[in-house]
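[1] What follows is a protein structure lacking sequence information:
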């Protein structure tokens, strides 16, 4: 039996601040466009695998994981 058959759906808990930052990212966005607090929140979202960091031309961009 596969894990997907056992767990039909699951959610990852997000705080209000995490949800605000997560919903503000619509497309690939440069990390330097966010303030320091939002960067800290983005690091938490990366640890939760909700957002990915991508290097592009020496800059770091963030993008949602779908």
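    On my side now, so go ahead. On a predicted model such as this, the values are computed, not experimentally measured, just so you know. Numbering: from 1, shown residues only.

[2] Could you point out the helix or strand that follows the strand or helix carrying residue 23?
    In this assignment (DSSP states H and E), residue 23 forms part of helix 16-24. Counting by DSSP H and E, the element after helix 16-24 in chain order, helix or strand, is strand 29-30.

[3] Quickly run through the sheet partners of that following strand, with directions.
    For strand 29-30, the pairing partners within the sheet under DSSP bridges are strand 59-64 (antiparallel).

[4] what's near enough to touch the residue nearest to residue 21 when sequence neighbours are not counted?
    Across the structure, with Cβ to Cβ, 6 or more residues apart in numbering as the measure, the residue nearest residue 21 apart from its sequence neighbours is residue 41 (4.8 Å). Every residue, glycine included, has its C-beta placed from N, CA and C. Shown here is residue 41, whose contacts under the criterion Cβ atoms under 8 Å, 6 or more residues apart in numbering are 17, 18, 21.

[5] Quick one: mean pLDDT for stretch 39-57?
    Throughout stretch 39-57, pLDDT has a mean value of 94.

[6] Might you report the residue contacts of residue 12?
    Listed by Cβ under 8 Å, 6+ apart, the contact set of residue 12 reads 48, 50.

[7] Relative to residue 48, how far out is residue 15?
    Noted for residue 15: a distance of 11 Å to residue 48, by Cβ to Cβ, to the nearest Å.
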